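Asks: Please work out how this folds:
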Amino acid sequence: MDPGHLIAVNVTLLYLIFGPLVLCAIYVLFDALSKPRDSEDQRLDAASDRKDPALWTEEDIDAHMRRM
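Replies: Now for the predicted structure:
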């Protein structure tokens with residue numbers, strides 16, 4: 001094979017190997033950027049959400065429905 005064909009094969013292999021990895025990294029970056037920043041209120045709400053929903057009282061359900 002001449003050098004031109006070897007270069008074309010190598011570039012194609014690089015795109016086939018690293019293309020999906022780069023796309024996955026871009027998707028992960030966009031996903032991380034789309035998440036809202038944690039504020040103090042969200043942290044407090046998250047602390048109350050750690051309670052098992054099967055054990056929620058009527059007040060817990062009402063508080064959850066008001067947040068939605």
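
Asks: how does the chain divide into domains?
Replies: The record's domain split for the chain, according to automatic domain parsing, is 1-35, 37-68.

Asks: Next, format these as CSV and append mean pLDDT and mean neighbour count.
Replies: Placement of C-beta: from N, CA and C, glycine included. Shown next, in CSV, are the domains of the chain (pLDDT from 0 to 100; neighbours: other Cβ atoms under 10 Å):
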stretch, mean pLDDT, mean neighbour count
domain 1-35, 93, 9
domain 37-68, 74, 9
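
Asks: residue boundaries of the helices in the protein?
Replies: Taking DSSP state H as the test, the helices found in the chain are 3-34, 40-49, 58-67.

Asks: Quick test: name the residue nearest the centre of the chain.
Replies: Asp31 (4.1 Å; Cα atoms, centre = their mean).

Asks: ok, now how distant is that residue from Leu23?
Replies: 13 Å (Cβ to Cβ, to the nearest Å).
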